[in-house]
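Undergrad: Sequence first, predicted coordinates after that:
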Amino acid sequence: MKALHFGAGNIGRGFIGKLLADAGIELVFADVNQVVLDALNARHAYPVHVVGEQAKVETVTGVSAVNSTSDAIVTLIAEVDLVTTAVGPQILERIAGSVAQGLAKRSDNGNTRPLNIIACENMVRGTSQLKQHVMKALPDAYHAWVDAHVGFVDSAVDRIVPPSDAGSHDPLEVTVETFSEWIVDQTQFKGDRPDIPGMELTDNLMAFVERKLFTLNTGHAITAYLGQRAGHATIRDAILDPRIRTVVQGAMQESGAVLIQRYGFEADKHAAYIQKILTRFENPYLKDDVERVGRQPLRKLSAGDRLIKPLQGTLEYNLPHENLVQGIAAAMHYRSEADPQALELATLIAQKGPQAALAEIAGLAADSEVVASVVSAYDAMA
């Protein structure tokens, strides 16, 4: 079996790429970082530091790489059995054109072996969104062929992969936490489902997508935003602050109440899941900056993302949301000179005021009680 994986960054190498290579799949990375590409092609291997209670270094082998802007991508998509991505939500549209060209060539070549495409991104149903971009770029004559032979498989991914240590001189070295979760929608595959240790199959993906979004992502973001307000540099420092921990745990319990109502998760098991997430934030081996985790606040404050979506769930089920409100208010205060979205957020608030700005970003009614609550908390923090 052969796979093409878009994204040779830390998440690509440390999570999805590692699982594919460990399963014995012939793996080709696609990226634009020529330093990383050259190193992969020279060594065909790289080290992964798995940190936690049982820290270890594992070597991933049997890999190669191509530039994701080259014609080699089209040829590979016409040949491989699996395509995966870990490029970031904004980049999916950029790679769609190459994917479309590859699918057209695959059809022209008469290759009818099933091909499955899985976007492994920190977003809801990322593969379905990638499919929309691909089909838009694909001539209509190929649509029926793609529907018959190509599976666009949605997934939920969870693994904390911080930036590489600044002191490392190895461009391929990557550090990851012990925990990882890759859950895929088994109903969307074409042909046989691949046997990949670490890939979990489900026929109710949205339950797990929202469990991760409402717990790991919600808690991570609020930890970062409150952490920056309190002057903490890392997620670990922030979550060990009792005042921050109280709000973060409270927000995850509020979002968890939505999940229990919506999907029937068992309350005691979900409480244990929340505690597991908090323990992961405390991992002393992960040097994860609050500024990195908090970046792109406009996306994180949008209607379908980790702060507003669980808040909307509490409104739907008439549940408490005081801690989520605190987290959203802190997000509105997030500042980073290196983050265009943070600068845009600050400008929007300065021009329109916090009430109108939040309503515009989050898709909430400006005159709603919940917006008033957030603005009150925002003003109190100021």
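TA: In hand now; what should we look at?

Undergrad: going forward, measure contacts and count neighbours with C-alpha atoms only.
TA: Noted.

Undergrad: Stretch 137-145: end-to-end distance?
TA: Between the opening and closing residues of stretch 137-145 lies a distance of 15 Å (C-alpha to C-alpha, to the nearest Å).

Undergrad: got a list of contacts for it?
TA: By C-alpha atoms under 8 Å, 6 or more residues apart in numbering, the surrounding residues in contact with stretch 137-145 are 96-97, 100-101, 104, 107, 135.

Undergrad: Out of these, who's the most crowded?
TA: Greatest neighbour count in the contacts of stretch 137-145, by other C-alpha atoms under 10 Å, goes to residue 100: 23 neighbours.

Undergrad: Am I right that that residue is in a strand?
TA: No - counting by DSSP: H, G, I helix; E, B strand; the rest coil, residue 100 is not part of a strand but helix.

Undergrad: Just the terminal-to-terminal distance for stretch 39-55.
TA: Across its full length, stretch 39-55 reaches 25 Å end to end, with C-alpha to C-alpha as the criterion.

Undergrad: about what we covered before: in the contacts of stretch 137-145, find the pair that's most separated.
TA: The most widely separated members of the contacts of stretch 137-145, counting by C-alpha to C-alpha, are 96 and 107 (16.5 Å).

Undergrad: Run a quick neighbour tally on the residue nearest to residue 222 when sequence neighbours are not counted.
TA: Nearest residue to residue 222 in three dimensions, chain neighbours excluded: residue 327, at 5.0 Å (C-alpha to C-alpha, 6 or more residues apart in numbering). Each residue near residue 327 was counted by other C-alpha under 10 Å, and the total is 26.

Undergrad: again with residue 350
TA: Residue 350: 11 surrounding residues under other C-alpha under 10 Å.

Undergrad: can you confirm it is in a helix?
TA: Yes - under three-state DSSP, residue 350 falls within a helix.

Undergrad: Name the residues that touch the helix or strand encompassing residue 237?
TA: Counting by DSSP states H and E, the element that carries residue 237 is helix 235-239. Helix 235-239 is contacted by residues 220, 223-224, 226-227, 230, 232, 244-245, 278, 281-284, 286-290 when judged by C-alpha under 8 Å, 6+ apart.

Undergrad: hmm, 7 Å instead?
TA: When contacts are taken as C-alpha atoms under 7 Å, 6 or more residues apart in numbering, the neighbours of helix 235-239 outside the stretch itself are 223-224, 227, 232, 244-245, 281-284, 288-290.

Undergrad: Which members of those residues are the farthest-apart pair?
TA: Pairwise distances across the contacts of helix 235-239 peak at 17.5 Å for 244 and 284 (criterion: C-alpha to C-alpha).

Undergrad: Looking only at neighbour counts, state which of the two leads.
TA: Higher neighbour count among residue 244 and residue 284: residue 244, with 21 against 15, using other C-alpha under 10 Å.

Undergrad: after the helix or strand hosting the more buried one comes which helix or strand?
TA: Counting by DSSP H and E, the element that carries residue 244 is helix 242-263. Counting by DSSP H and E, the next helix or strand C-terminal to helix 242-263 is helix 267-281.

Undergrad: what packs against that following helix?
TA: The criterion is 3 or more C-alpha pairs under 7 Å, 6 or more residues apart in numbering; DSSP states H and E, and the helices and strands that helix 267-281 contacts are helix 235-239.

Undergrad: pLDDT (mean, whole number) over the helix it packs on?
TA: When the per-residue pLDDT values of helix 235-239 are averaged, the result is 98.

Undergrad: swap in stretch 194-208?
TA: Across stretch 194-208, pLDDT averages out at 95.

Undergrad: And stretch 52-64, by the same measure?
TA: Mean per-residue pLDDT for stretch 52-64: 89.

Undergrad: do stretch 82-101 as well
TA: 96.

Undergrad: I'd like the distance between residue 231 and residue 295.
TA: Relative to residue 295, residue 231 is positioned 16 Å away (C-alpha to C-alpha).
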